[in-house]
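Undergrad: this one's structure only:
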């Protein structure tokens, strides 16, 4: 009788403990691969330098594994030494084999940004930080090489791009009429571009936060940390303006709201 109880006790114990054992093994897996981040970095740098013939630097590396999957993967944030503003992602397996890099697409987006900044800068020069992105459908991007320019792809594929302009405006005084005029001027400058769709977003924050944005590696991290301090926002796209046309600065208010 005691032997039976002992066996039952051990069985119950294993049922209770086994989930914790699995989590423990899972955690050890992360510890092991996190400790080998440098191997993923070396593999990514070797791959990129061989493919593009230039030097790169790693900004960040993360190991991810979905519970239940046999293998995980590394996601690396990288930039070329010659162009620190061109950040892109690289994926490798946990065996340090590169499966994808976004340098080509990021390079094109950066070219689009350089095209847009002279349009945006005179309007929001004193108060804004600009985030500008341009992209195409993957089947279009696959037809082009790194050496091809964003402008070439844009010209050869009219109405096939997606363009996003995101402005963070830092100012303690909010003049609604002035801001609607500025946004309207921006819209007038880009509305006739041949994109499939676009997105314009202007978020307003207190002036004192402007210096803090430099300490965050990307826009999303800054917004997640300080979203509650946003005072006003305006957001619209080409598709939305087809339903609610913008013909005067006052029409901008339809797409804005206080926070």
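TA: Perfect, thanks for sending it. Computed from a prediction, not measured in an experiment: that's the story for all the values here.
Undergrad: Tell me which stretches of the stretch 1-150 of the chain form helices.
TA: Ranges of helices in the stretch 1-150 of the chain, per DSSP state H, counting those that start in this stretch, are 2-34, 37-52, 103-124, 138-141, 150-156.
Undergrad: in the stretch 51-200 of the chain, which spans are strands?
TA: 56-64, 73-80, 88-93, 98-101, 128-136, 161-170, 197-205 (DSSP state E, counting those that start in this stretch).
Undergrad: May I have the beta-bridge partners of residue 197?
TA: On the basis of DSSP bridges, residue 197 is bridged to residue 162.
Undergrad: Would you agree it is in contact with residue 162?
TA: Yes. The pair residue 197 / residue 162 is scored as a contact, 5.7 Å apart, by CB atoms under 8 Å. Where C-beta positions appear, they are placed from N, C-alpha and C, glycine not excepted.
Undergrad: Find me the pLDDT at the nearest residue to residue 177 once chain neighbours are set aside, would you?
TA: Distance criterion CB to CB, 6 or more residues apart in numbering; nearest residue to residue 177, sequence neighbours excluded, is residue 249 at 7.5 Å. pLDDT, residue 249: 98.
Undergrad: what do you get for residue 212?
TA: Looking at residue 212, its pLDDT is 87.
Undergrad: In TSV: the strands of the stretch 51-200 of the chain, plus distance to residue 225 and mean neighbour count.
TA: Listed next are those as TSV, based on distance: least, CB to CB, whole Å; neighbours: other CB atoms under 10 Å:
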stretch	distance to residue 225	mean neighbour count
strand 56-64	17	16
strand 73-80	18	20
strand 88-93	21	19
strand 98-101	28	15
strand 128-136	15	18
strand 161-170	13	21
strand 197-205	11	20
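Undergrad: Nearest to residue 241, out of the ones you listed?
TA: Minimum separation from residue 241 across the strands of the stretch 51-200 of the chain (CB to CB) falls at strand 197-205, 9.5 Å.
Undergrad: immediately after that closest one, which helix or strand?
TA: helix 219-226 (DSSP states H and E).
Undergrad: That following helix - contacts with which helices or strands?
TA: Secondary-structure packing of helix 219-226 (3 or more CB pairs under 8 Å, 6 or more residues apart in numbering; DSSP states H and E): strand 161-170.
Undergrad: lowest-confidence helix or strand of this protein?
TA: When the helices and strands of the chain are scored by mean pLDDT, DSSP states H and E, helix 2-34 comes last with a mean of 47.
Undergrad: In contact with the closest residue in space to residue 231 that isn't next to it in sequence, which residues?
TA: Excluding its sequence neighbours, the residue lying closest to residue 231 (CB to CB, 6+ apart) is residue 204, at 4.9 Å. Residues in contact with residue 204, defined by CB atoms under 8 Å, 6 or more residues apart in numbering, are 169, 170, 171, 174, 179, 230, 231, 232, 233.
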